[in-house]
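K.L.:
Sequence and predicted structure, then a few things I'm wondering about:
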Amino acid sequence: MMPGTDLLPGTGGPARAGPARAGLAQASPGRARPGRAPAGRAARAAVAACLVVLAAAGLTGCYAKASAAPSVELSTGVVPEPTVPGETTAYLVIRNNSGPDRLLRVRTSLGGRVTFRAPVGHGSLTMHTIPAVSIPAHNVIRLVPNSVHLLITGARPMRGVKEITLTLTFAHAGAISVIAQVTNPETGGSSYFLNS
């Protein structure tokens, strides 16, 4: 029999009854006799206590790491005032600090419907609707004109509104809200963003 296997339940060795208990009972408090192992119940309690401490430390470490940096970060968005009633676009930058993800849907604080638009081909100015936006791992995606961007239709009027909230829902990162500045395209209010 391997040394110490009498401490593990179900290892095939018979449990030591009288002598081991009597030996421990005769030892002074806090000290076991040399060559003697603690009773099975005390050993199991000590192992369980160690596991609880290790698990708590591990969970604390995971929480600290997860909260150090969000998996997805969003820049302030830009929404030009609609030139066609009830229809405009939205632009922003998505930074993915984690594994691959997908942008599944977007809603605005002014209601309406948001769809994803992308060029038909590389360099094409013709756009089509796509079901979701792929976000590669550890990458930055720019939702800008002539590339993937958001099309907002049917929202409440934006004239006189300074900003709206966009809530983006990702497959893994979940729902994240960001402020989008409503700009006047005629004054070039969004040029700081589009040229960055």
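P.N.:
All right, it came through fine. Numbering: from 1, shown residues only.

K.L.:
Run a quick neighbour tally on residue 128.
P.N.:
Residue 128 is flanked by 11 other residues according to other CB atoms under 10 Å. For the C-beta atoms, the positions are set from N, CA and C on the backbone; glycine is no exception.

K.L.:
Now do it, the pLDDT please.
P.N.:
Residue 128 carries a pLDDT value of 96.

K.L.:
Confirm for me that it is in contact with residue 115.
P.N.:
No. When contacts are counted by CB atoms under 8 Å, residue 128 is not listed as touching residue 115 (10.1 Å).

K.L.:
Now do the same contact list for residue 135.
P.N.:
72, 94, 96, 100-103, 141, 170 (CB atoms under 8 Å, 6 or more residues apart in numbering).

K.L.:
Now do the domain split for this protein, please.
P.N.:
5-68, 72-194 (automatic domain parsing).

K.L.:
Worst mean pLDDT among those?
P.N.:
domain 5-68 (a mean of 41).

K.L.:
Residue 178 contacts residue 165, doesn't it?
P.N.:
Yes. Using CB under 8 Å, residue 178 is in contact with residue 165, at 7.3 Å.

K.L.:
more crowded one of the two?
P.N.:
Comparing residue 178 with residue 165 by other CB under 10 Å, the one with more neighbours is residue 178, at 18 against 13.

K.L.:
so which helix or strand takes in that one?
P.N.:
Per DSSP states H and E, residue 178 falls inside strand 174-183.

K.L.:
partners of that strand in the sheet?
P.N.:
Here strand 174-183 is paired, per DSSP bridges, with strand 77-80 (parallel), strand 163-170 (antiparallel).

K.L.:
For the chain, which segments are assigned as helices?
P.N.:
For the chain, applying DSSP state H gives helices covering 18-26, 40-68, 191-194.
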